[in-house]
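Asks: After the sequence you'll find the predicted model.
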Amino acid sequence: MRNVLGFFRYALRQFRMSPVFTAAAVLTLALGIGGTTAIFTLIHAVMLRSLPVTDPGRLYRIGEGDDCCFEGGPQDDWGLFSYPLYERLKANAPELEEVAAFQGGRGQLSVRRAGVETIARPLVSEYVTGTYFTTLGVGPFAGRLITPEDDKASAAPVAVLSHRAWQTAYGSDPAVLGATLFVEGHPLTVIGIAPPGFFGEMLESDPPELWIPLQQEPLIDGNGGLLNQSISAWLRVMGRLRPGASIEVMAPRLTGVLRQWMQTDSGYPPNWMPDVIRMLPQQVIHVVPAGAGIAAMKEEYGRSLKLLLAVCGMVLLIACANVANLLLARAVARRGQTAVRMAVGATRRQIVTQALTESVLLAIGGGIAGLVVAVGAARLLLALAFHSAHFLPIQTTPSLLVLGFAFVLALVTGTIFGAAPAWFATRTDPADA
């Protein structure tokens, strides 16, 4: 233990005696480690992180496509459905203990709090079925959430606020719970507030601030209502797998249900049917894991993030080479000092250990500085990619996983660029020096 402390003290003393070298090495590593950690932070948030819900591993999405429109029509890889088709699919998915549908797109609705506000404010809204919150496994922060009883045409109109909207738009006023909101002129009662950190089933900029039962859509949207239109594809579907159940045969079964529905109950105009029949073999439904939510952002930015990670990895290797060169030059300058140490009894193992100790300490210092660079770089990338967004639910502060990644990266980096100087140190001949 004394030897280890001695190695650390000696390394710190050498750094103090060479402040310019130390600063140059740490800053070089900070840029390489910081850039790589910044991209990993975004990859973790966009591609690896699960939804903040109960047991996300049991969540599956019915359909994974997104290429359609409200007018409907064949989609090939289906992912958006009309409400009547959702009901048909739900009835043919016994492997799922709960199934929920929710609006595929987002819209801003005019919302005014009764008796308090005279001017309405726009809130991003989402229509959901009564099983939405229970399917995801989300509990309320306050009040209660939407239930199947609320999702009936005869039910009293209600809504749920996001925690962020409750804080920012309504100043965390507890009186909002139970208050009446006029949504597009229609009164809805706020029955609950969603938990902090929950922004819906999908990672996206400007997530929903208000959830409304699906059956209220015709009331609020009036003549433009989509609920009862059989061919309007506007709903995504997600379900929670029963314990012990398997999804292996679900996709072929639902594909069969879809094709039968398209031929007999879709309501497509007669002049569409020849093309619909011709394209029928290409119409499929896939059942895919949805523990991380609807992976729209992953599909859009995943490839670019992987490419950026590879580029930053190359930059880190260049930084390692530069610092290794600095250490090699430093080892040459200290060749005489190393020779004296070996002449008075220092072993090659001690010389190598001392060289690696200095390199690892430099890497850890670069890693700590790199975390600051990582946070700034991640924020900059998000600001450039989502410059028009008012809010983005992606945390740039390092999580435990990101901190662990940076620490391991620093250790590996230190070993890589410290290996050559350590090897060079063992080749010092006291007599030649």
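Replies: Okay, I see it.
Asks: so where do the helices sit in the stretch 1-150 of the chain?
Replies: Under the criterion DSSP state H, counting those that start in this stretch, helices of the stretch 1-150 of the chain are mapped to 2-17, 19-43, 83-91, 132-136.
Asks: Looking at the ones you listed, which is nearest to E98?
Replies: If you check each of the helices of the stretch 1-150 of the chain against E98 by Cβ to Cβ, helix 132-136 wins as the nearest, at 4.4 Å. In short, each C-beta sits where N, CA and C put it, glycine included.
Asks: Quick one: residues in contact with that closest one.
Replies: With Cβ atoms under 8 Å, 6 or more residues apart in numbering as the test, helix 132-136 has contacts from 51, 53-54, 59, 98-102, 139, 145-147, 160, 194, 201, 211, 238-240.
Asks: tell me which residues of that helix are tucked away?
Replies: Residues of helix 132-136 classed as buried: Y132, F133, T134, T135, L136 (neighbour count, 16 or more other Cβ atoms under 10 Å).
Asks: picking up where we left off before, keep only those of the contacts of helix 132-136 that are in strands.
Replies: Applying DSSP state E to the contacts of helix 132-136, the entries found in strands are L59, E98, V99, A100, A101, F102, V160, W211, M238, G239, R240.
Asks: ok, which pair from those residues is furthest apart?
Replies: Across these, no pair lies farther apart than V160 and G239, at 20.5 Å, counting by Cβ to Cβ.
Asks: Which one of the two is surrounded by more residues?
Replies: Shown here are V160 and G239; by other Cβ atoms under 10 Å, V160 has more neighbours (29 against 26).
Asks: ok, what's across the strand from the more buried one?
Replies: Under the criterion DSSP bridges, V160 forms beta bridges with G192, W211.
Asks: Contacts only, for it.
Replies: Contacts for V160 (Cβ under 8 Å, 6+ apart) come out as F133, P140, G143, L145, I146, V190, I191, G192, I193, A194, L210, W211.
Asks: Check the spacing between the closest residue to F102 other than its chain neighbours and H286 real quick.
Replies: For F102, ignoring the flanking residues on the chain, the nearest one in space by Cβ to Cβ, 6 or more residues apart in numbering is V128 at 4.4 Å. Distance of V128 to H286, given as Cβ to Cβ, to the nearest Å: 22 Å.
Asks: These two: which is more packed in?
Replies: More crowded of V128 and H286, by other Cβ under 10 Å: V128, with 26 against 16.
Asks: my guess is that one contacts P213, does it?
Replies: Yes - V128 lies in contact with P213 (Cβ atoms under 8 Å); the separation is 7.0 Å.
Asks: between the strand or helix carrying I416 and helix 19-43, how big is the angle?
Replies: Secondary structure assignment for I416, by DSSP states H and E: helix 400-426. With axes from the mean of the first three to the mean of the last three Cα atoms, to 10 degrees applied, the angle from helix 400-426 to helix 19-43 works out at 140 degrees.
Asks: any idea of the mean pLDDT in helix 400-426?
Replies: Averaged across helix 400-426, pLDDT comes to 76.
Asks: what's that helix packed up against?
Replies: Contacts defined by 3 or more Cβ pairs under 8 Å, 6 or more residues apart in numbering; DSSP states H and E place helix 400-426 against helix 19-43, helix 296-333, helix 348-385.
Asks: could those go into TSV alongside mean pLDDT?
Replies: As requested, these are arranged in TSV below (pLDDT from 0 to 100):
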stretch	mean pLDDT
helix 19-43	85
helix 296-333	79
helix 348-385	82
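Asks: now those helices in TSV, with distance to G72 and mean neighbour count?
Replies: Listed next are the helices and strands packed on helix 400-426 as TSV, based on distance: least, Cβ to Cβ, whole Å; neighbours: other Cβ atoms under 10 Å:
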stretch	distance to G72	mean neighbour count
helix 19-43	35	21
helix 296-333	20	16
helix 348-385	32	19
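Asks: Turn the ones you listed into JSON lines, including distance to R259.
Replies: Shown next, in JSON lines, are those (distance: least, Cβ to Cβ, whole Å):
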{"stretch": "helix 19-43", "distance to R259": "38"}
{"stretch": "helix 296-333", "distance to R259": "25"}
{"stretch": "helix 348-385", "distance to R259": "39"}
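Asks: could you point out where the stretch 101-250 of the chain is predicted with low confidence?
Replies: 224 (pLDDT under 70).
Asks: can you give me the strands in it?
Replies: Per DSSP state E, counting those that start in this stretch, the stretch 101-250 of the chain carries strands over the ranges 107-113, 121-128, 142-143, 158-161, 180-183, 186-193, 210-213, 235-241.
Asks: list residues touching both of V128 and P213?
Replies: By Cβ under 8 Å, 6+ apart, V128 and P213 have these common neighbours: I146.
Asks: that older thread, got the angle for the helix holding I416 vs helix 348-385?
Replies: Angle of helix 400-426 versus helix 348-385, following the same axes, to 10 degrees, is 140 degrees.
Asks: Could you check the angle helix 400-426 makes with helix 296-333?
Replies: 20 degrees.
Asks: ok, the nearest residue to A321 once chain neighbours are set aside - how many residues close by?
Replies: Closest residue in space to A321, ignoring its immediate chain neighbours: F417 at 7.2 Å, by Cβ to Cβ, 6+ apart. F417 has 27 neighbours, counted by other Cβ under 10 Å.
Asks: check contacts around F417.
Replies: Contacts here follow Cβ under 8 Å, 6+ apart; on that basis F417 touches C320, A321, V323, A324, L327, S359, A363.
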